[in-house]
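Asker: for reference, the sequence and a predicted model appear below.
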Amino acid sequence: MAWWKQVVASAVVALAALIAWIAWMPEARPMLERVGVWPVLEATGTLDALAAIGITPAEAPQAAGGPGGPPGMAGGPTPVIAAEVIATQRTATVSAIGTGQALRSVAVTPEAPGRLVEVRVRPGDRVTAGDLLARLDAEAERIALDRAELMLEDARDTAVRLRSLRGVGASDVQIRDAERAVRGAELSLAQAALDLRRRDIVAPIDGIVGFVPAEVGNQVTTASEITRIDDRSVLLVSFLVPERHVRDLAPGTAIVAQPLGSFGTDLDGQIRNIDSRVQVASRSLTVEAEIANPDDALRAGMAFAISVTLPGEMLPAVDPLAIQWGREGAFVWAVRDETSVRVPVRIVQRTSNSVLVQADLETGDLVVREGVQSLRDGGPVAVRDTVRPDEVDEGAAAGAPLATVTTSEG
């Protein structure tokens, strides 16, 4: 096909499309007036020619209670559906990976060196504070205890005899020396009894016994670890939070923990301790949370996915459909005194059915969610219906997540 035929065919198609747009779309006239095409069509008689063959411009339905004539730029108010602005608290969800540790964990070591002659516990046994775990050989300590008892008995007899001879054969100095000897013998007996008790290795806390590497016959010292006892009735999980959330953290803040080995298991907990300083290398703050472990299903050393929802400031929330975009960024059409006002907004956070923004909006203001195509700044509008963002079908803004900050254990 020759080039001029292609040009003619394209022109015919474009003209047909323009005529169909004018005939069927009410928004055609306002837009053509805005760009200056409509006056040209009137001046050239094109509209009269179309009217002669039965083609007339489409007009939008007249707003209820509004003045007569076409809506929007055609003279009458533009019918719109508006959404009410509500105040919503901004939230941030901090996600982190933390490692659990027992509420208390004690390495059990002997108080004195010696040879193990008895081990009474096995891994996994539950013990209470004071329970006997193991014994060291104690023959020498028993002999020392018996000797101390004899020395005490002898010192007491001497003291009694000297008191009976007071003034007739025993001086006051001798009596005082005898009484001091009794006191010394009592202390020696107490020391011998203590040395004997130290041959028994007892549980310092309530908890669960870990591995017992020591065996009967081993020669141990005060540095030898007999076993380790963990009190895991509560598990402590340490994780990192970015420093920008320092003001939002407080002991008692709720957290949700998921063991990495069993996703889908949500465990409730709360923040227990917050570090006093920020780590310079990671610009993060160490936070310690506690998780109850009544059925003893959790173990120290397990990894947890931690989620903390931190509340923030109150912000205006608008319907997602009200957000429009222009060359200068996002904006909404606010309805004020029955006119449309273009209000710039900065999007802060999206939720399932609303958008939190920073803008010149107050709670109860109306923003246009349907009918924005024909609006202009300062143009008249007629609100046909009003909805709240929390009443909007969640499908209208599906997939809009909460603000999330992800960190990991340092």
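Answerer: Thanks, I have the structure now. Numbers count the residues shown, from 1 in each chain.
Asker: if I look at residue 19, how far off is residue 301?
Answerer: For residue 19, the distance to residue 301 equals 76 Å [C-beta to C-beta, to the nearest Å]. To be clear about C-beta, it is placed using only N, CA and C from the backbone, and glycine gets the same treatment.
Asker: more crowded one of the two?
Answerer: It is residue 19, of residue 19 and residue 301, that has more neighbours when counted by other C-beta atoms under 10 Å, with 15 against 11.
Asker: give me the helices and strands touching the host helix or strand of that one, please.
Answerer: Assigned by DSSP states H and E, residue 19 falls within helix 3-24. Counting contacts by 3 or more C-beta pairs under 8 Å, 6 or more residues apart in numbering; DSSP states H and E, helix 3-24 packs against helix 28-35, helix 46-52.
Asker: what's near enough to touch residue 269?
Answerer: Residue 269 makes contacts with 237, 254-257, 289-292, as judged by C-beta atoms under 8 Å, 6 or more residues apart in numbering.
Asker: mind checking the SS state of it?
Answerer: Look at residue 269: counting by DSSP: H, G, I helix; E, B strand; the rest coil, its state is strand.
Asker: tell me the bridge partners for it.
Answerer: Residues found in beta-bridge contact with residue 269 (criterion: DSSP bridges) are residue 255, residue 291.
Asker: what do you get for the one 10 residues further on?
Answerer: On the basis of DSSP bridges, residue 279 is bridged to residue 284.
Asker: can you check residue 84 too?
Answerer: Going by DSSP bridges, residue 84 forms beta bridges with residue 366.
Asker: what's the burial count for it?
Answerer: Other residues close to residue 84 by other C-beta under 10 Å number 18.
Asker: the helix holding residue 19: which residues count as buried?
Answerer: For helix 3-24, the neighbour count (16 or more other C-beta atoms under 10 Å) marks 21-22 as buried.
Asker: show me where pLDDT drops low in the stretch 51-200 of the chain?
Answerer: 52, 54, 56-75 (pLDDT under 70).
Asker: show me where it has strands.
Answerer: For the stretch 51-200 of the chain, applying DSSP state E, counting those that start in this stretch gives strands covering 78-84, 86-108, 114-119, 126-127, 132-136, 200-202.
Asker: partner strands of the second one, parallel or antiparallel?
Answerer: Neighbouring strands of strand 86-108 in its sheet, by DSSP bridges, are strand 227-242 (antiparallel), strand 303-318 (antiparallel), strand 404-406 (parallel).
Asker: same question for the shortest one.
Answerer: Based on DSSP bridges, the strands next to strand 126-127 in the sheet, each with its direction, are strand 207-209 (antiparallel).
Asker: contacts for the helix or strand following the strand it pairs with, please.
Answerer: Counting by DSSP H and E, the next helix or strand C-terminal to strand 207-209 is strand 219-220. Strand 219-220 is contacted from outside by 110, 113-116, 136, 214, 226, using C-beta under 8 Å, 6+ apart.
Asker: mark which of those are buried, thanks.
Answerer: With burial judged by 16+ other C-beta under 10 Å, the buried subset of the contacts of strand 219-220 is 110, 114, 116, 136, 214, 226.
Asker: so the second one touches residue 136, yeah?
Answerer: This means residue 114. Yes: with contact defined as C-beta atoms under 8 Å, residue 114 reaches residue 136; the gap is 3.5 Å.
Asker: overlap in contacts, those two.
Answerer: By C-beta under 8 Å, 6+ apart, the residues touching both residue 114 and residue 136 are 199, 220.
Asker: the residue nearest to the spatial centre of the chain and residue 284, how far apart?
Answerer: When C-alpha atoms, centre = their mean is applied to the chain, the residue found nearest the centroid is residue 308 (0.7 Å). For residue 308, the distance to residue 284 equals 13 Å [C-beta to C-beta].
Asker: what touches both of those two?
Answerer: Contacts common to residue 308 and residue 284, judged by C-beta under 8 Å, 6+ apart, are residue 241.
Asker: contacting residues around the residue lying closest to residue 130 once chain neighbours are set aside?
Answerer: Of all residues not flanking residue 130 in the chain, residue 202 sits nearest, at 5.5 Å (C-beta to C-beta, 6 or more residues apart in numbering). Residues in contact with residue 202 (C-beta under 8 Å, 6+ apart) are 129-133.
Asker: just the buried ones among those residues, please.
Answerer: For the contacts of residue 202, buried by 16+ other C-beta under 10 Å: 131, 133.
Asker: closest one of the contacts of residue 202 to residue 151?
Answerer: residue 132 (29.0 Å; C-beta to C-beta).
Asker: so what pairs up with that closest one in the strands?
Answerer: residue 202.
Asker: one step back: nearest to residue 144, of the strands paired with strand 86-108?
Answerer: Shortest distance between residue 144 and the strands paired with strand 86-108, using C-beta to C-beta, is found for strand 227-242: 27.9 Å.
Asker: restrict the closest one to CA atoms and write it as PDB.
Answerer: Presented in PDB, the C-alpha positions along strand 227-242 are these (Å, rounded to 0.1, in the frame of the first residue of the first chain):
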ATOM      1  CA  THR A 227      27.600 -31.700  84.800                       C
ATOM      2  CA  ARG A 228      25.500 -28.600  83.900                       C
ATOM      3  CA  ILE A 229      22.100 -27.800  85.200                       C
ATOM      4  CA  ASP A 230      19.700 -25.700  83.100                       C
ATOM      5  CA  ASP A 231      16.600 -24.000  84.500                       C
ATOM      6  CA  ARG A 232      14.600 -23.700  81.200                       C
ATOM      7  CA  SER A 233      11.200 -23.100  82.700                       C
ATOM      8  CA  VAL A 234      11.600 -19.800  80.900                       C
ATOM      9  CA  LEU A 235      13.800 -19.300  77.800                       C
ATOM     10  CA  LEU A 236      15.600 -16.000  77.200                       C
ATOM     11  CA  VAL A 237      16.000 -15.000  73.500                       C
ATOM     12  CA  SER A 238      18.500 -12.300  72.600                       C
ATOM     13  CA  PHE A 239      18.100 -10.400  69.300                       C
ATOM     14  CA  LEU A 240      19.100  -7.100  67.700                       C
ATOM     15  CA  VAL A 241      16.800  -4.100  67.000                       C
ATOM     16  CA  PRO A 242      17.800  -1.100  64.800                       C
END
